[in-house]
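Peer 1: Coordinates only, no sequence provided:
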C-alpha cells in the first residue's frame, strides 16, 4: 500500500509516523512545500523574543531523522499542485529545481493546514509588513528585527499569535500597539473575562486600540502607517498581521472535494473526505464542536495531532473516530495565565442554548500556605439540566490544572453539579481541601437546590434605586469607602444579624461583597430571617475590573488608543 501525505507539521507528520508503526511494509511519501516537516508552531513567537535561543529547538524532526527512524520519504520544498482522484495521482513541483512530476497513491492524506488571513488592503506589499505561520516567517521577522532594530510594532489582531508576539516584542524593548476590530482580545473568552487580559497587557505597557478597523498601510518616515477607518493612522517601525487563519484548501476544491465553512474540507468522524481513499486532517478541516454538535473550525495543535492518528488508524484497517473538538486552550500573558475550554457564554447564547453561569475567585492553593494567588473562574452551564458547557479561568498559578480537569469533565459528559464529587489531589502548596473545581460544583448544587439565587453584572444598571429593593454591600467599611456601586448601602457581614432591623422587610435584597463568599453568607442569614436574597456573581472585584476595562476601551475608541 502506498500512502501520499500532503503537508507535514502536526497532522501530516503524526499520520506518517503512526502508519509506519502500524504497517512496516507501507510505502509512505510526504510532500511539504516549506523546508521543515515537523516544527513547533506554538514556539515561533518565543524564538523571535529570544526565549528559545537555538533555532534547531523549533524543529522536532528533520527529513533525515524521520527517514532514519521510520523509513519515510520526507520531500521538503515539494509542492503538490493538483490532485487527480480519477487516476489516484497528484501533480508535484520540486521548488528547488522546478521539475514537475506525477505521484500515484493508494491512499491520500491532506494536511495543508491554514494560511494567515491577509486581506487585500492598499499597501500590503510593503516589506515592513509580516505574517507569522511558518519557520521561514519566523526567521524573516527575526532577521528584520536584528538588522533594523525597530523601536515600535503594531500587531493587527488580538488572538493567540498576537498576544504571544506582543509579550515577546515588548520584552525586546519595543513599544507595542494591538489593533483589533472587536472591542476585546481573545475571542474564546467572554468580554467580562477578557477584561483581566486587557488589564495585564496594559500593566506591561501594551497599547490597545480596540474597536478599530485596519483599512491599509503606507510607508512613511522610515516606518509604516496603519490606516484606520475614520481614525488617525497609527505609526510604527514594523507591522505584523495576526488576524487569524483561513483553511488552505484550493487543491481540495479544485479536485472536487466537498467543502464547508470558509472552504474547509468536510470530513466524517473517520477523517474521510467526500472522495474515496482521500483523508484530511488539521487546520484545513471542518469538525463538529464537541459541546454544540455544530460545524466548526478549530485550529489547534492538539486536535490536528489526534486527527492525524485517527486517519492513520483507519487507513491501516482500524476503526478510530474523532468525537469533535472542544477548543481547550491556554496562553501565557506576561505573568498571567488564561485558559478556556468548551464554549463561552456568548457563543452558547448564539447557539440557542439557555445558559446560566457562576463566577468565583478562589485561591490557587490553601490560603494559609504562603504564596497563594487569586484566580477568576467562569463556569457556563445549561439551565435546568446543569450540563457543563464551558469554562474560562484567568490567574497566575494552577490555572492550567483546573482547566484540564474541567475539559475532562466536559468530555466525560458530566454536569456541573457532579464536579463536587471529583476526588482531586490536595496538599497546601498545590490546592485546597475543597478545590476550586469542587467549589464550582458546590455552588451549582446550591443553585439547583434553591439555596443560592444570583444576579449578574448585566443586571446592575437596571436594579431599581427607588427603594423597591434593598441593595446591600457586605464588605468592611474600609473596602466600601475605597469604592462601591451607587445605591448599595454598607452593612458588613459580621454585623448583619445585629443590624437586620435596618433592612426593610417584604422587599428583595441584592447583596454584594468582594468575591461573592461573604455576600453568600449574608444571603443565607437573610434567608433564615425570611428575606428573599440574591447574591452577586463574581463580587465587587469582578465588577470593578470589567467596568474599568469598559471605560478604558470606550475612551480608546474616542481617541484611537489607550494605555
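Peer 2: Done, it's in. As the structure is a computational prediction, the values presented were derived from the model and not from experiment.
Peer 1: can you tell me how far residue 457 sits from residue 219?
Peer 2: Shown here: residue 457 relative to residue 219, a distance of 44 Å by CB to CB, to the nearest Å. No exception for glycine: its C-beta is placed from N, CA and C like everyone else's.
Peer 1: Repeat that for residue 89.
Peer 2: 45 Å.
Peer 1: Now do the SS call for residue 406.
Peer 2: Of the three states, residue 406 takes helix under DSSP: H, G, I helix; E, B strand; the rest coil.
Peer 1: got it, and residue 239?
Peer 2: Following three-state DSSP, we place residue 239 in the strand state.
Peer 1: That one - how many residues pack around it?
Peer 2: By other CB atoms under 10 Å, the residues close to residue 239 number 28.
Peer 1: didn't it look like it was pressed against residue 224?
Peer 2: Yes - using CB atoms under 8 Å, residue 239 is in contact with residue 224, at 5.3 Å.
Peer 1: buried sites along the lengthiest helix in the chain?
Peer 2: Determined from DSSP state H, the single longest helix within the chain is helix 539-559. For helix 539-559, a neighbour-count test (16 or more other CB atoms under 10 Å) marks 539-540, 542-546, 549, 552-553, 556-557 as buried.
Peer 1: try stretch 451-463
Peer 2: Quick answer for stretch 451-463 (16+ other CB under 10 Å): 452-456, 460, 463.
Peer 1: pLDDT, distance to residue 407 and secondary structure for those residues - can I get that in CSV?
Peer 2: CSV is the format used below for these (pLDDT from 0 to 100; distance: CB to CB, whole Å; DSSP: H, G, I helix; E, B strand; the rest coil):
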residue, pLDDT, distance to residue 407, secondary structure
452, 96, 25, coil
453, 97, 29, coil
454, 97, 24, strand
455, 97, 29, strand
456, 97, 24, coil
460, 96, 31, helix
463, 96, 35, coil
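Peer 1: burial measure for the residue nearest to residue 74 when sequence neighbours are not counted, as a count.
Peer 2: Once flanking residues are discounted, residue 74 sits nearest to residue 63: 3.8 Å by CB to CB, 6 or more residues apart in numbering. By the criterion of other CB under 10 Å, residue 63 has 19 neighbours.
Peer 1: my guess is residue 63 contacts residue 37, does it?
Peer 2: Yes - at 5.8 Å, residue 63 counts as touching residue 37 under the criterion of CB under 8 Å.
Peer 1: where in this protein is pLDDT low?
Peer 2: Confidence mapping of the chain against pLDDT under 70 gives the ranges 38-40, 60, 556-563.
Peer 1: which residue ranges form the helices in it?
Peer 2: Under DSSP H, the chain gives helices at 9-22, 44-48, 63-70, 135-148, 160-171, 191-203, 250-254, 301-315, 345-350, 399-411, 436-448, 477-481, 517-528, 539-559.
Peer 1: follow-up on the earlier one: give the residues shared as contacts by residue 239 and residue 224.
Peer 2: With contacts defined as CB atoms under 8 Å, 6 or more residues apart in numbering, the residues shared by residue 239 and residue 224 are 128-129, 154, 217.
Peer 1: roughly how far apart are residue 54 and residue 63?
Peer 2: From residue 54 to residue 63 the distance is 19 Å (CB to CB).
Peer 1: Actually, residue 230.
Peer 2: Applying CB to CB to residue 230 and residue 63 gives a distance of 50 Å.
Peer 1: hmm, back to that, which member of the buried residues of stretch 451-463 is positioned nearest residue 212?
Peer 2: Distance to residue 212 across those (CB to CB) is lowest for residue 460, with 27.7 Å.
Peer 1: OK, contacts around the closest one?
Peer 2: Contacts of residue 460 were listed using CB under 8 Å, 6+ apart, and they are 485, 543.
Peer 1: Could I get the phi/psi values of residue 119?
Peer 2: With angles defined as degrees, to the nearest 10, residue 119 sits at phi -60, psi 150.
Peer 1: Residue 164 is in contact with residue 43, isn't it?
Peer 2: No - assessed by CB under 8 Å, residue 164 is found out of contact with residue 43, at 9.5 Å.
Peer 1: can you name the farthest residue from the center of this protein?
Peer 2: residue 501 (48.7 Å; CA atoms, centre = their mean).
Peer 1: Angles on the backbone of the residue lying closest to residue 228 once chain neighbours are set aside, please.
Peer 2: Closest residue to residue 228 apart from its sequence neighbours, by CB to CB, 6+ apart: residue 212 at 5.0 Å. The phi and psi torsions at residue 212 (degrees, to the nearest 10) take the values phi -120, psi 140.
Peer 1: burial count for residue 212?
Peer 2: Neighbours around residue 212, by other CB under 10 Å: 24.
Peer 1: Same check on the one 5 residues further on?
Peer 2: If you count neighbours by other CB under 10 Å, residue 217 ends up with 23.
Peer 1: need the contact list for the closest residue to it other than its chain neighbours.
Peer 2: Nearest non-adjacent residue to residue 217, counting by CB to CB, 6+ apart: residue 123, 3.5 Å away. Residue 123 makes contacts with 129, 216-219, 224, 227, as judged by CB under 8 Å, 6+ apart.
Peer 1: Switch the helices of the chain over to JSON lines; also include distance to residue 511.
Peer 2: Rendered in JSON lines, the data for the helices of the chain read as follows (distance: least, CB to CB, whole Å):
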{"stretch": "helix 9-22", "distance to residue 511": "49"}
{"stretch": "helix 44-48", "distance to residue 511": "44"}
{"stretch": "helix 63-70", "distance to residue 511": "62"}
{"stretch": "helix 135-148", "distance to residue 511": "52"}
{"stretch": "helix 160-171", "distance to residue 511": "36"}
{"stretch": "helix 191-203", "distance to residue 511": "19"}
{"stretch": "helix 250-254", "distance to residue 511": "57"}
{"stretch": "helix 301-315", "distance to residue 511": "41"}
{"stretch": "helix 345-350", "distance to residue 511": "22"}
{"stretch": "helix 399-411", "distance to residue 511": "26"}
{"stretch": "helix 436-448", "distance to residue 511": "14"}
{"stretch": "helix 477-481", "distance to residue 511": "13"}
{"stretch": "helix 517-528", "distance to residue 511": "4"}
{"stretch": "helix 539-559", "distance to residue 511": "10"}
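Peer 1: Just tell me which of those ends up closest to residue 467.
Peer 2: Using CB to CB, these put helix 517-528 closest to residue 467, at 17.4 Å.
Peer 1: from the chain's centre, how far out does that closest one sit?
Peer 2: On the basis of CA atoms, centre = their mean, to the nearest Å, helix 517-528 sits 35 Å off its chain's mean C-alpha point.
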